[in-house]
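Asks: I'll drop the sequence and a predicted model, then ask my questions.
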Amino acid sequence: MDGMLPPILLVGCGNMGGAMLDGWLKEGLAPSFILDRHRPSVPAPHHLVRSMDEIPDTFHPGMIVLATKPQKVDAVMSAIAPFALRAPVLSVLAGRTVGALTDGLDKALPAGSPVPVVIRVMPNTPSSIGQGMSVCYAPTATAAQRSLCTRLMRAVGDVAWIEHEDQMDVVTAISGSGPAYVFLLAELLEQVGTMEGLPPALARQIARQTVAGAGALMLRSGVDAATLRRNVTSPGGTTQQALEVLMAPDAWPATLATAIRAAARRARELSGPSPVS
Ligand SMILES: NC(=O)c1ccc[n+]([C@@H]2O[C@H](COP(=O)([O-])OP(=O)(O)OC[C@H]3O[C@@H](n4cnc5c(N)ncnc54)[C@H](OP(=O)(O)O)[C@@H]3O)[C@@H](O)[C@H]2O)c1
């Protein structure tokens, strides 16, 4: 099993948990338990369970991954807590602080138990194809636990660490929610193309490939986004006409800043105290 990712207990396997699991399965994951109400199956040798009661006490995960909606995690906190004495807890829950999660787990454990280690990670859905962006924060984790987290998240994309938890709200607004903004761009390009007379299939093809190709070029070339933009913008040409509209101070610069601030504000609101803490 050398070179395999460690066994995990994945709690919640919807959009985000499923995206990470898909990436981990491709990288080789030691036999793991996946708790989810909806996922139809997981490939052998992994185990899909519908309730925490089905997980044997003898299971020793290398990491417990929390990927339910934030408001659903409290219902399983006391069932997760005993496993949190065996392995760090990696939470991808938007807005749930390390402190709130640690308190929730701690309160579900017998008095005098060691305090569980919680690692907070904000991933995004391109993780399912190994192109995710994960930002991690772990004030109490050991170097070995941080490196295990890096290993898991690197298996599904790029990884960065922050040392100040308040930065997680902006991270959530940019990279956690960000794929939706890019998909919206593709949707709008397709819609406008159709409105301007292109056959719908052609509008879709050119919108999708343009968004995907531009992203891939940015990543592979390593050139900064502003330079790549300028490379497409001949003075007096068509792109310049469009960019003058988009880059007007009250257009994209203002709209995007307002949108990111709204998402970050929502992330802060979600960090309210957990009902179990
Ligand atoms: N989606 C993203 O792009 C993204 C990005 C970054 C972070 N996140 C974070 O990832 C977390 C999950 O988001 P998501 O979009 O993946 O949510 P989701 O699609 O609703 O997935 C959560 C899954 O967990 C299941 N579940 C919850 N409690 C359960 C329980 N006690 N037993 C069995 N199954 C249970 C849910 O079933 P039910 O619906 O029946 O409860 C659902 O299938 C959130 O905290 C979010 O903040 C998401």
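Replies: Yes, it's here.
Asks: For the residue of the stretch 151-277 of the chain found nearest the ligand, give me its contacts.
Replies: Per C-beta to the nearest ligand atom, G176 is where the stretch 151-277 of the chain lies closest to the ligand, at 4.0 Å. The C-beta positions use only the backbone N, C-alpha and C, and glycine is treated the same way. G176 sits next to A94, M122, P123, N124 when contact means C-beta atoms under 8 Å, 6 or more residues apart in numbering.
Asks: I'd like to know which of the residues you listed are part of strands.
Replies: M122 (DSSP state E).
Asks: Just the closest residue of the stretch 51-200 of the chain to the ligand, please.
Replies: Closest point on the stretch 51-200 of the chain to the ligand, by C-beta to the nearest ligand atom, is A94, at 3.2 Å.
Asks: what's the spacing between the residue of the stretch 151-277 of the chain closest to the ligand and T233?
Replies: Relative to T233, G176 is positioned 30 Å away (criterion: C-beta to C-beta, to the nearest Å).
Asks: Quick check on the residue of the stretch 151-277 of the chain closest to the ligand: phi, psi?
Replies: phi -70, psi -50 (degrees, to the nearest 10).
Asks: Need the pLDDT of it.
Replies: You'll see G176 listed with a pLDDT of 95.
Asks: Please report phi then psi for the residue of the stretch 51-200 of the chain closest to the ligand.
Replies: phi -60, psi 130.
Asks: give me every residue that touches it.
Replies: Counting by C-beta under 8 Å, 6+ apart, A94 has contacts P70, M122, T172, G176, A267, L270.
Asks: and if you look at P88?
Replies: By C-beta under 8 Å, 6+ apart, the neighbours of P88 are M63, I64, P116, V117, V118, I119, A138, A141, Q145, L148, C149.
Asks: ditto for Q191
Replies: Applying C-beta under 8 Å, 6+ apart, the residues contacting Q191 are A203.
Asks: For the remainder of this discussion, apply numbering that starts at 2.
Replies: In the new numbering, first residue 2, that becomes Q192.
Asks: Next SSE downstream of the host helix or strand of it?
Replies: Using DSSP states H and E, Q192 sits within helix 179-196. The helix or strand immediately downstream of helix 179-196 is helix 201-222, counting by DSSP H and E.
Asks: which stretches of this structure have low pLDDT?
Replies: For the chain, the stretches with pLDDT under 70 are 2-3, 273-278.
Asks: OK, now which residue of it is nearest to the ligand?
Replies: For the chain, C-beta to the nearest ligand atom, closest residue to the ligand: G15, 1.9 Å.
Asks: That residue: how many residues sit nearby?
Replies: The number of residues packed near G15 is 15, by other C-beta atoms under 10 Å.
Asks: same question, the one 10 residues further on
Replies: Taking other C-beta under 10 Å as the criterion, the count of residues near W25 is 24.
Asks: Same check on A227?
Replies: 8.
Asks: Check G223 too.
Replies: Neighbours of G223 (other C-beta under 10 Å): 6.
Asks: One more: T103?
Replies: 20.
Asks: Tell me which other helices or strands the helix or strand in which it is found touches.
Replies: Using DSSP H and E, T103 falls within helix 99-108. Packed against helix 99-108 by the contact rule (3 or more C-beta pairs under 8 Å, 6 or more residues apart in numbering; DSSP states H and E) you find helix 78-81, strand 90-92, strand 119-123.
Asks: do you know which of those lies nearest A227?
Replies: strand 119-123 (25.1 Å; C-beta to C-beta).
Asks: strands paired with the closest one, and their directions?
Replies: Using DSSP bridges, the strands paired with strand 119-123 are strand 90-92 (parallel), strand 133-138 (antiparallel).
Asks: what angle do the helix holding Q192 and helix 201-222 make?
Replies: Going by axes from the mean of the first three to the mean of the last three C-alpha atoms, to 10 degrees, helix 179-196 is angled at 140 degrees with respect to helix 201-222.
Asks: check whether helix 179-196 contacts the ligand.
Replies: No - no part of helix 179-196 sits near the ligand under the criterion C-beta under 6 Å from any ligand atom; the closest distance found is 6.7 Å.
Asks: circling back to that earlier point, so which of the strands paired with strand 119-123 is the most packed in?
Replies: For the strands paired with strand 119-123, the largest average neighbour count (mean count of other C-beta atoms under 10 Å) is found in strand 90-92, namely a mean of 26.
Asks: Flag every residue of the stretch 2-151 of the chain that's near the ligand.
Replies: The stretch 2-151 of the chain has residues 13-18, 36-39, 68-71, 73, 76-77, 93-95, 123-126 near the ligand, with proximity defined as C-beta under 6 Å from any ligand atom.
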